Structures are given as C-alpha cells and as structure tokens.
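Engineer: Sequence and predicted structure below; questions after.
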There are 2 protein chains.
Amino acid sequence: MSFLTAARLLRTLPKSPPVSLSVARAARISLPALSRAIHATPPKPDTANALQSSNPPLSFPCLDKLEDLTRSLDGGPEPAYDRIVTGYSTFHSPSPFLCDHGGILPSISLAYETWGTLNDVKSNAILIHTGLSGSSHAKSHPLNPTPGWWETFIGPGLYIDTDKFYVICTNILGGCYGSTGPSSVDPADGEKYATRFPVLTVWDMVRAQFIMLDSMGIQKLHASVGSSMGGMQSLAAAALFPDRIDRVVSISACARSHPYSIALRHTQRQVLMSDPHWNRGFYYGGVHPHVGMKLAREIATITYRSGPEWELRFGRKRASNSSPSLCPDFLIETYLDHQGERFCQQYDANSLLYISKAMDLFDMSASAQQELLAKRVLNAPKLDFIRCHEDKSRIAQQCNLVTPRSALEPGAKHERPHLAASATPDLEDLVEGMRGIQMPALVLGVQSDILFPSWQQKEISECLKRSGNKAITYYELDSMYGHDTFLIDRVGVGSAVKGHLELAE
Amino acid sequence: MSFLTAARLLRTLPKSPPVSLSVARAARISLPALSRAIHATPPKPDTANALQSSNPPLSFPCLDKLEDLTRSLDGGPEPAYDRIVTGYSTFHSPSPFLCDHGGILPSISLAYETWGTLNDVKSNAILIHTGLSGSSHAKSHPLNPTPGWWETFIGPGLYIDTDKFYVICTNILGGCYGSTGPSSVDPADGEKYATRFPVLTVWDMVRAQFIMLDSMGIQKLHASVGSSMGGMQSLAAAALFPDRIDRVVSISACARSHPYSIALRHTQRQVLMSDPHWNRGFYYGGVHPHVGMKLAREIATITYRSGPEWELRFGRKRASNSSPSLCPDFLIETYLDHQGERFCQQYDANSLLYISKAMDLFDMSASAQQELLAKRVLNAPKLDFIRCHEDKSRIAQQCNLVTPRSALEPGAKHERPHLAASATPDLEDLVEGMRGIQMPALVLGVQSDILFPSWQQKEISECLKRSGNKAITYYELDSMYGHDTFLIDRVGVGSAVKGHLELAE
C-alpha cells in the first residue's frame, strides 16, 4: 500500500490533529495493519435494534472454570490427604490428650519421618517443626522419593547434616497428613471430628511432639528448629522444655501474633467459612469447599510472597493478549489462581482453619501462658474423669506440660535486666514469658516479610536478651522472597542454621 | 476457705507435681475460685452414651449473623447509592464517549461538588481526584452538611484554601455516587449496564473530567490533586493535558500498578465474583452480593491500614472473654467484620470491580500509552458511526484526549538525562511516558504503605526527574496509618499540599 493510499484511508478518520499519520506512527501501528483494522473489522454498534445494549456483556471464563472445577471434584472420591503424603511412620498415644482450651482428644497420632542415625546416647536428635500446611516429608527417602519441602537443606554434609544428626519431622497435631486432626475419626462415635475437633494451640502441638520423643527415649534434643509457625513451635518447645533442648532456631516466626497477621489469616478463614459447601465444617462425604479453599490460598500466597520477587518474575506481564476483563488477565493473577486451585485439592479445609487459629492465639507472654495454665488446672479433672481407672501419675505427667512455674516467676532465677524506658508493660510481660529460654538461640528474619515482619524477629531477639540469654544470634536477610524465604533461600537460611547447629559448645 | 481445705480439694487432683498449690498460685487462680471451678462445674465428658462426640461442636455466631444480614437486606429496597451521597450537582455530556478499550458510553454524567469561588479569569480552580470508593463529597456545604472525606483539609484558610481556590471534586466515571457507572441505566435498552459496562481506564476517568472542565470554561487548572487512585488520575491528567495544569500533586499513588497491588485487588475481585449472588453482575433488582462485598472490603481494609496503628489500637485484645472459636474473637477481627459489613451497603459491587480493574491496568509507560492510543485510533470509527450526522470535528476533540504524541517521542523535546546503569529498560519506558509532566510536582508517600509502597513514590519522583522535570518535591511520611494516611494525617499531608499549592511561582 502506498503512502498516498494510506493517507486516503486515514482521511476517513477525523482531520488531524489528532488521528494523523504521525500519531499512527507514534502508536507504532503499521499502516497496512491500520488499513486492515479499519476495513476488515468494521465497528458494529447496533443501531438497527434500539433495544440492544451499548456494549456486549463481559464474559467470565474464570467463573466457568470454577464451576467446572467444583463439578469435576464433586463426583470424585473423598480426598485422602494422608495418602497425598506417603512413606511416613505413625506414633500413636492411646492416652487422652488435654488441649489448652479444654478439649479432649481420646488418643492422638502423629505422622513422622526421620533421617540420619540416632547415636547411642540419643543426644544428636534435631526436631524440625513445620509451617501451617507442612507435612512430615521434609526430605526424600527410600519409602518416599518425592522431594521434601526442605529437600536441599537436609542431607549428608548439607545444612542440617544427616551424617551428624538424627533429624525428626512430624506432621503437626491438627494437620491432615497422617496426624490426628479434624479429618480424623473421633473414636467416641466413629464419625470424623469436623468442627467437633477442639480448638488447638501451638503449645498443644509441641506437647504432642514431646510425648512422641518420650516414647523414642529421646530425653534431650540437640536442637529444636522451625520456620514460620514452626518457629513458634520451636520457641514454645524451648519455653515448655528448657531442659530438653540444647539449641533453638526460630526463622521468620514470632513470640506472639500481631494484629496485622491475625487480620490476614482472619480474612482467609472468613472467605473459606463463607463457602456454603464448607457447611460449618461438616463437608466430609459431601461437596468440599473448593472455592473457599482456593480463595483462602490465594490470599495466603500473597502474604507468603511479599518480596520484590514478583516485580521481577511477573511485573505487569499479561497472561494473554486478549482485551482486559474482570477475570484474571495479568500473569500474577493466573499464578495466584493456579496456586489456589492446586492447594484446594491438597489440604483439608478444617485443618487450615484450626491451625490458622492456633497461630493467631500464639502468645508467649507470661500472662497469656498463666491463663492457659489456669485453664489446664481447671480442666485437668476431665482427664481424671476419663481415666478414672488408669494410673493417675500419668495424668500428672501430661498436666505438667506447661511452661515451668519457675520460668513464669519474675526474677526468680535470673536477674531481670534493666528495661529501657521505651519498654511497654506488655513487652515486659513477653520477656517474663520467655525467661526459660536460656539455651543458645538463632533468630533469623527477612526484611521483605509482611506476615512475620522483621520487627517481630527483633522482638524475639530483644526479649531473649532482656530475659538474660547471652547466646543470641540475630540475622536479618535482605531476600526478595518475603516470608517464603525459608523454603527458597538455601544458602542464606541454611548457612546460618548450619553454623548454629555445628558450633562447638 | 482455709488453706487446709484447699489443700484437701487439690488432692482430688493428681499428686504434685504438676497440679500443686504453687502452680495454682503461679497461675494466679485464687483457691476459692479453683474450689468453685472443681465443684460447681464438674467436667461432663459423656461416658454413658458412647456414641456422643468427644467434644461439643463449635458454634458459629459469625455465620448466623451473615445469614441474618443477607436475609434482612434481601427484603429491603434496592440500595440507591446516589442517594447515600446527596447535594451534588450533575454534569451531563450527551455525546458518546469512547473508552480506551473500545467500549462506548452513549452519554456520560459526572456528579460534582465545588467549594470557594472561581475567579474572573478562571485561573484558581483545583481539581481533586478521589480514591476508589470516594464520592464528590470531599467537604460539607449547605446542600449536604455531612462531613466530607477530606473535611478538615479543605476550607477557608485550611490546607486547600477555599478563600484562595475554587475547589472541584467529582465522583469518578464508573462510580456509583451520581456518575455514570455499571449501576446506571444504559440508554440503549433502559436496563442497568451491570457487566455490559465497558472496561474503564484511569485515563477514561480523567478524560471525562476534562470534558466537564471544558463545559465550565476552565481552560487551565491551578492544580490537579489526588491520593491513591486519585493520585494516578492526577498524574494521568498532567500527562494528558500538560498545558492545562499548573501544578500536580500525587499522594500515595503510583505511575504503574505493581504485581503485588494487582494481587491484592485480584483476591478482592475473586472473592466478590465468587459470591453466587453476584450473578455475573446482574444482581440489580435481586439479592445483592453482600457477603462477597463484605469479604472484599475486609481484605481491602487490611491493605489500607498497613501501619503499626493496629498494634497500638488493637494489639492482641479480645472482643470478649469467651473461649476462642473459629469466628472472629480478637478485636481486630470484629473491627474488620464491622468495616466490611458497613461497606457492603454503601457501595455498588460492580463499581468496585470496574474501578479496581482500572487501577490494575494503570501504566504510564510510553509503550502502554501507545497501545491504548492504537486502540483509540482503531476504535475511533465507532464514534464516527454512531454520530454519522454530527459534527465530526467534535470527534477529533475526543480522540485527541491521549497523551500528546510529542510527549511519547523519545527525546523530542527534552534532552534525555543520563540513565544510571541500574535503570531497567522498562524504567526508561516509564520515563518516556511521563515526559510531558514538566510542571511543578509534589510526590508524597508513606513508609508503612504496602499497597502503594514508598518505592513506588520514589519511582514517580525519579522518573519525573529523569524526564527533565526540575521542580519535584518529594516527601516520605513516617506515619502509622499506612495507605490511609492521606485521609487521616491532616497536618503531615495537608501542610505539604498547602506549601505546594500556595508557593509563588
């Protein structure tokens, strides 16, 4: 097409300025393309039929897909989460288990996996605590060769060295990968617990793990290691059992959940619980709340990846060249969509709710621990009632599983350090609650984490220091992966852990 | 009760340790209370009926409330959002309006309010752009004495001084407070647009405002001022109409939406669109998607208040002393719940979706603007078709409302400053797209903002500087209110604005 032809074509448009050849050039439209567009796709606002809308309705492929997903999953078999992760061992404790908030589990099971060899004196065990949705499968092994969630961290000569250590990882109490949780059967009536499962705390999870360690004859851990909620557990274990842990590692965790993180988890729970298929928790055997789970996971994913990574990875890239719509069209949206969809088939909705709530409830403050202790004292007779014919001394053993009184008595054992003028009373409360943790501690945080922000890592470190602990190592990572750094930054996270675990005492 | 009586009572518990008097003391339970608890509330695990669950099911007052809310609202009249805000004037343009992505609005209306007096030469007008859900009611006046959303910022002698300036604020195109939006009636068929409303851009919103300014005879604004999405509009206006704006103010905005903010809005849209009552946008006259709106607003509220304010205001306070449950029980949760509930009756769900999407689509990069320009060129014949009997020169006027070509031609007018080695090609693209903005500019950001983080404020400022603008004022506020600082921090935000608006040229 000659320039003149093009010019003639353009004259069908209003006179310049503005729609001129120079504009077309600035817009980087080739003239033939412009010509084709004008001729081949004549605009068709319908004037013949006055009752047709000014614009066509938008289409919603994302909603079509959701409906298809629900339909396709509804007809299928009940998802068996404990079959998604395989090759684990199961510890079973037949004794009733008293939860902090007064609930009773008639018996408990914990799925666990181990790597390395326990030495003769049983002094080289490391307990790894998982995040919210983690399974016991931290590392591949012959019974399950699938890579674990900390695959490259654990192994011979690696950051958690299985040539030196006996590494144990459990699925948490309340989970759905082999441990007792809401999708387990209540032995009382043979039905799944659903929301008849008792409210859990992080302390309950740790208590269950130590009942298992007892059965393994492991009196003392070389280290308690955890990230995210695993870090909460790691700190809780050090406070509950200060004499049974040599070193503690807390990565991207906190000493108490702050309101912003509660808010973020709150919306996830509300979204999930608003799915009519959730049915107040009683969805087993019926339609599962896939849409609610998918949406909850999308929100969660945002909180896990707060770093600048998305800027580099997705930027403003579109998923396709189609016209923008209300359905996902940026690449970041389709990524979130995919993450949500994947998760809703891999995790139990009720487990998510209970564990998410346990994270909100986590508070190491002395006053909060005392409140739970008071509840335990009041509820202890429930155990007594249940096991009226059993050996009562065993009840005592379980009731003792709260932070030792001595650790909660201000200044009883350790001289209280001078509190700066800026210290709030509730920080002092937190210092008191962490006073039992006097073993060497590694506290590691990530600057781009919004869920467990670095100020919370400083809070842990500061409270430990104020409580008299002289062996704190505090690192802040300038990683681009936000909260999920602990899963991704092998070298940054791993090296700090290795250094802490292997330093001669 | 004597100590001995208490001691006898406690012997009904297992021998010490653990449940001993000292533990009871550490737990700060008074012995009478302990005694009462043990006697008056005997634990009642049911052993008589073996088929009763181990624990009672949880209750869900939050879901009961949601169901009540939906029921109570369903029977009521259609919410008339344009009656929630009253006392505004309406500008009506009878000409068809071409949207960037090709949609046509047969005519448009904008609700607007003004304060102060337009001077004889019409040189003292300030256009205030609102955030996503803002109405034209920025400030009270006789026709509507309700305090406006910037009540304490605007007024005689205040930060935006109505003794000096004629202040105009409009409800944005796409909104539901009197301007044409998805809840307006499509003149083509007399039905509400719903999701037959065309996809909007921030540029479209600005274009509509300038058609209104034309009708007012205001050729040049003293300033274009906006926060959040209003800041996007403010910058877009400066790029579209560089010769019609003397000064520009951008507060907590951005030059292009980053993937993290897209992700945050994406989840809100998905949650809303997953509410079955949303019905692909066609809920008018039926049940509105209250639950979806409530949840979307809860997520939004989190992104608006990212600062440490919640730490001070809510901390870990509980809403009641009841046992923890899966429903909201922390004070922060009931706050979010309340915010969500309030909003779902005050704003149109479809407006939220379209405007939220327009924010995602915002990108001042030269390449992005060129793409839109190309679309406008291709779609211009639609207007031609519709108004085949009208004066074609008017079409030209509307088609011209894109960033002037000269501003998009690299280095055409201004020597390109040296780009640092770290500058990415897409930053250069952004610099090119903002090259038209050469008037004095105030860029203000808030360090605790996660939705429009301070790095994005730096990006605006940096791009303007690189494009050759020598009159940039850049401030970062260390406020505790996150993104919402612009609504709250009267002195911090207001003073900077006043200084910028009133500085002699």
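Structural biologist: That came through, no problem. The model shown is predicted, which means the values in this text are computed figures rather than measured ones.
Engineer: need the residues of the stretch 151-300 of chain A near chain B, please.
Structural biologist: Neighbours of chain B within the stretch 151-300 of chain A, by CB under 8 Å from any CB of the partner chain: A:186-191, A:193-199, A:256-260, A:262-264, A:266-267, A:269-271, A:273-274, A:276, A:280-281, A:291, A:295, A:298-299. Quick note: C-beta positions are derived from backbone N, CA and C, even for glycine.
Engineer: ok, of those residues, which come out buried?
Structural biologist: A:186, A:188, A:193-199, A:256-260, A:262-264, A:266-267, A:269-271, A:273-274, A:281, A:291, A:295, A:298-299 (16 or more other CB atoms under 10 Å in any protein chain shown).
Engineer: Which of these fall in helices?
Structural biologist: A:259-260, A:262-264, A:266-267, A:269-271, A:273, A:291, A:295, A:298-299 (DSSP state H).
Engineer: Quick check: phi and psi on residue A:502?
Structural biologist: Main-chain dihedrals, residue A:502, degrees, to the nearest 10: phi -100, psi 0.
Engineer: Next, the contact list for it, please.
Structural biologist: A:161, A:164 (CB atoms under 8 Å, 6 or more residues apart in numbering or on different chains).
Engineer: rewinding a little: farthest pair in the ones in helices among the buried ones among the residues of the stretch 151-300 of chain A next to chain B?
Structural biologist: The two members of these with the most space between them (CB to CB) are A:259 and A:291, at 27.5 Å.
Engineer: Residue A:312 and residue A:480 touch, don't they?
Structural biologist: Yes. With contact defined as CB atoms under 8 Å, residue A:312 and residue A:480 form a contacting pair (7.2 Å).
Engineer: Of the two, give the one with the bigger neighbour count.
Structural biologist: The residue with more neighbours, out of residue A:312 and residue A:480, is residue A:480; 20 against 11, by other CB atoms under 10 Å in any protein chain shown.
Engineer: Help me confirm that the more buried one is found in a helix?
Structural biologist: No. Going by DSSP: H, G, I helix; E, B strand; the rest coil, the assignment for residue A:480 is coil, not a helix.
Engineer: which residues touch it?
Structural biologist: By CB under 8 Å, 6+ apart, the neighbours of residue A:480 are A:307, A:308, A:309, A:312, A:448.
Engineer: got these as TSV, with pLDDT and secondary structure columns?
Structural biologist: Output for these, formatted as TSV (pLDDT from 0 to 100; DSSP: H, G, I helix; E, B strand; the rest coil):
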residue	pLDDT	secondary structure
A:307	71	coil
A:308	80	coil
A:309	87	helix
A:312	88	helix
A:448	89	coil
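Engineer: What's the ChimeraX syntax to select whichever of those are buried?
Structural biologist: Here is the ChimeraX command that selects only those of the contacts of residue A:480 that count as buried (16+ other CB under 10 Å):
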select /A:307,308,309,448
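Engineer: Present the contacts of residue A:480 as TSV; the columns should include distance to chain B.
Structural biologist: Shown next, in TSV, are these (distance: CB to the nearest CB, whole Å):
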residue	distance to chain B
A:307	9
A:308	8
A:309	9
A:312	9
A:448	10
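Engineer: From the contacts of residue A:480, pick the one nearest residue A:85.
Structural biologist: Nearest to residue A:85 among the contacts of residue A:480, with distances taken as CB to CB, is residue A:309, at 26.8 Å.
Engineer: That closest one and residue A:481 touch, don't they?
Structural biologist: Yes. In this structure, residue A:309 is within contact of residue A:481 by CB under 8 Å, at 5.3 Å.
Engineer: need the contact list for the residue nearest to residue A:153 when sequence neighbours are not counted.
Structural biologist: Distances taken as CB to CB, 6 or more residues apart in numbering or on different chains place residue A:159 nearest to residue A:153, at 4.8 Å, with adjacent residues excluded. With contacts defined as CB under 8 Å, 6+ apart, residue A:159 is in contact with A:153, A:490, A:493, A:494, A:495, A:497, A:498.
Engineer: residue boundaries of the strands in chain A?
Structural biologist: Counting by DSSP state E, one finds strands in chain A at the ranges A:89-93, A:97-98, A:104-105, A:108-115, A:125-129, A:154-155, A:160-161, A:166-170, A:221-227, A:245-251, A:441-446, A:472-477.
Engineer: mind putting those strands in a markdown table, mean pLDDT and mean neighbour count included?
Structural biologist: Shown next, in a markdown table, are the strands of chain A (pLDDT from 0 to 100; neighbours: other CB atoms under 10 Å in any protein chain shown):
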| stretch | mean pLDDT | mean neighbour count |
| --- | --- | --- |
| strand A:89-93 | 98 | 15 |
| strand A:97-98 | 96 | 24 |
| strand A:104-105 | 96 | 23 |
| strand A:108-115 | 98 | 22 |
| strand A:125-129 | 98 | 27 |
| strand A:154-155 | 98 | 22 |
| strand A:160-161 | 98 | 21 |
| strand A:166-170 | 98 | 26 |
| strand A:221-227 | 98 | 28 |
| strand A:245-251 | 98 | 25 |
| strand A:441-446 | 96 | 27 |
| strand A:472-477 | 95 | 17 |
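Engineer: where does the stretch 201-350 of chain A have low pLDDT?
Structural biologist: Scanning the stretch 201-350 of chain A for pLDDT under 70 picks out nothing.
Engineer: Pretty sure residue A:210 sits against residue A:240.
Structural biologist: Yes. Using CB under 8 Å, residue A:210 is in contact with residue A:240, at 7.4 Å.
Engineer: who has more neighbours, the two?
Structural biologist: Each of residue A:210 and residue A:240 has its neighbours counted (other CB under 10 Å); residue A:240 has more, 23 against 18.
Engineer: And the more buried one, how far from residue A:365?
Structural biologist: 15 Å (CB to CB, to the nearest Å).
Engineer: Residue A:305 too?
Structural biologist: Applying CB to CB, the value for residue A:305 to residue A:365 is 30 Å.
Engineer: residue contacts, residue A:320?
Structural biologist: residue A:329.
Engineer: And it, its phi and psi?
Structural biologist: According to degrees, to the nearest 10, residue A:320 has phi -150, psi 180.
Engineer: Could you list the domains of chain A?
Structural biologist: Per automatic domain parsing, the domain ranges recorded for chain A read A:1-37, A:83-261+A:358-502.
Engineer: Now the first one: average pLDDT?
Structural biologist: Averaged across domain A:1-37, pLDDT comes to 38.
Engineer: Neighbours of residue A:158, how many?
Structural biologist: 17.
Engineer: For it, list the residues it contacts.
Structural biologist: Contacts for residue A:158 (CB under 8 Å, 6+ apart) come out as A:152, A:494, A:498.
Engineer: Equivalent analysis for residue A:367, please.
Structural biologist: Listed by CB under 8 Å, 6+ apart, the contact partners of residue A:367 are A:429, A:433.
Engineer: Among the contacts of residue A:480, find me the one that's closest to residue A:137.
Structural biologist: Distance to residue A:137 across these (CB to CB) is lowest for residue A:309, with 24.8 Å.
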